[in-house]
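Visitor: Take this sequence and fold it.
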Amino acid sequence: MLAEKIRNARKALSALGGQVSEDAWAAIKCIQHELDDAGDQAEEIERNWPTPRDGTIVYNPITTSAEA
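Guide: Here you go, the predicted structure:
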């Protein structure tokens, strides 16, 4: 869900190729790289901490014991 949105934003930036200066394109490539990393991290979070499909967050505190 979030990973997909991040990857879609990264792909959308590709449409600027050829329309911006070389310096701007270099900055966009750096942003795309950061979005790749963020997408990977979001995917990892989604895989290990699933959320409901409607995007709501369920409060589920983790309790710890002094004996642990």
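
Visitor: use CA for all of it now, contacts and neighbours both
Guide: Noted.

Visitor: Looking only at stretch 34-54, what residues are buried by neighbour count?
Guide: Buried positions in stretch 34-54, judged by neighbour count with 16 or more other C-alpha atoms under 10 Å: Leu35, Asp36, Ala38, Gly39, Asp40, Ala42, Glu43.

Visitor: could you show me where the helices are in the protein, in order?
Guide: Per DSSP state H, the chain carries helices over the ranges 2-13, 22-48.

Visitor: excluding its backbone neighbours, what's nearest Gly17?
Guide: Spatial nearest neighbour of Gly17, excluding adjacent residues (C-alpha to C-alpha, 6 or more residues apart in numbering): Trp25 at 6.8 Å.

Visitor: residues near Ile31, how many?
Guide: 14 (other C-alpha atoms under 10 Å).

Visitor: What average pLDDT does stretch 6-24 get?
Guide: Averaging pLDDT along stretch 6-24 yields 95.

Visitor: now the end-to-end length of that stretch.
Guide: Counting by C-alpha to C-alpha, to the nearest Å, you get 20 Å between the two ends of stretch 6-24.

Visitor: for that stretch, which positions count as buried?
Guide: Ile6, Arg7, Arg10.

Visitor: Just put the residues you listed in TSV and tack on distance to Val20.
Guide: What follows is the buried residues of stretch 6-24, written out as TSV (distance: C-alpha to C-alpha, whole Å):
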residue	distance to Val20
Ile6	22
Arg7	21
Arg10	16
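
Visitor: ok, so of the residues you listed, who is nearest Gln19?
Guide: Arg10 (16.2 Å; C-alpha to C-alpha).

Visitor: How about that closest one: what's its closest non-neighbour residue?
Guide: Gln32 (5.3 Å).

Visitor: tally of neighbours for that neighbour?
Guide: 20.

Visitor: That one touches Leu13, doesn't it?
Guide: Yes - in this structure Gln32 lies within contact range of Leu13 using C-alpha atoms under 8 Å: 7.5 Å.
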